[in-house]
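Peer 1: Sequence and predicted model, in that order:
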Amino acid sequence: MFAYKGFNKDLTCRGYQFKENEWNITESAKCVNSGFHCASDPLDCLTYYPSTGSSTYYIVEIAGDIHEDGSDTKISCTEMRLVKELTPEKLVAHALAYIIKHPIRSNSHHVKKDIADASKGVVVVRGKTPMAMGKKGSAIGLAQEYKNNREIKQVIVITIDGKKYKENTYYDITGKEILDGKIKV
């Protein structure tokens, strides 16, 4: 089974030093109490590792004893292997894929409605006309819903690079700049 996990930049989590390319093993798994924790929704990693500047994110393979408590998409396991590191842009892309796959599931509290700012380096916004802005280096994910339901019509990932996409400027689902509520042509 595959999931997502956040770490400190040095691949530590709650005092445990994870190793890449090998199985990390612990004795028991119970959400909140023991085991290695991860999530099926990539954005749930931001609850524990909110800043892309001081955190790193991975796709992980989990095995052994697996426990889920149902409070969010948190999973605890006894065996975990780090599969692939995700840049903030890739984390956002995986989050958008998760939203597309589960369009009517309750959103992570990290998904904003209609408009938001990527204050900690990452933001995902969904709605009929989603828009977002951020500082240089921020990853923005926009998910446009169909007018009649919550299913996703279109998505885009934008990286604020200071050139094509400027800081502190709102962008829409087409990647166009928004000025005073109007799309810049």
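Peer 2: Everything's here; your move.
Peer 1: And stretch 11-29, how far out from the chain middle?
Peer 2: The chain centroid and the centroid of stretch 11-29 are separated by 21 Å, computed with Cα atoms, centre = their mean, to the nearest Å.
Peer 1: avg pLDDT for that stretch?
Peer 2: In this model, stretch 11-29 has a mean pLDDT of 96.
Peer 1: Straight-line length of it, end to end?
Peer 2: 20 Å (Cα to Cα, to the nearest Å).
Peer 1: Could you pull out the buried residues of it?
Peer 2: 11, 13, 18, 24, 26, 29 (16 or more other Cβ atoms under 10 Å). C-betas here are computed from N, CA, C, even on glycine.
Peer 1: can you pull out the strands in the protein?
Peer 2: In the chain, the segments counted as strands under DSSP state E are 2-8, 12-13, 16-17, 23-25, 36-39, 55-68, 74-86, 111-118, 122-134, 139-145, 152-159, 170-171, 177-179, 182-183.
Peer 1: looking at these, which is closest to Ala93?
Peer 2: Distance to Ala93, taken as Cβ to Cβ, is lowest for strand 152-159 among the strands of the chain, at 5.2 Å.
Peer 1: Sort out which residues of that closest one are buried, please.
Peer 2: 152, 155-159.
Peer 1: I'd like to know which elements the longest helix that the chain contains is packed against.
Peer 2: In terms of residue count, the longest helix belonging to the chain (DSSP state H) is helix 88-101. Applying 3 or more Cβ pairs under 8 Å, 6 or more residues apart in numbering; DSSP states H and E, one finds that helix 88-101 contacts strand 55-68, strand 122-134, strand 139-145, strand 152-159.
Peer 1: Single out the most deeply packed of those strands.
Peer 2: strand 139-145 (a mean of 24; mean count of other Cβ atoms under 10 Å).
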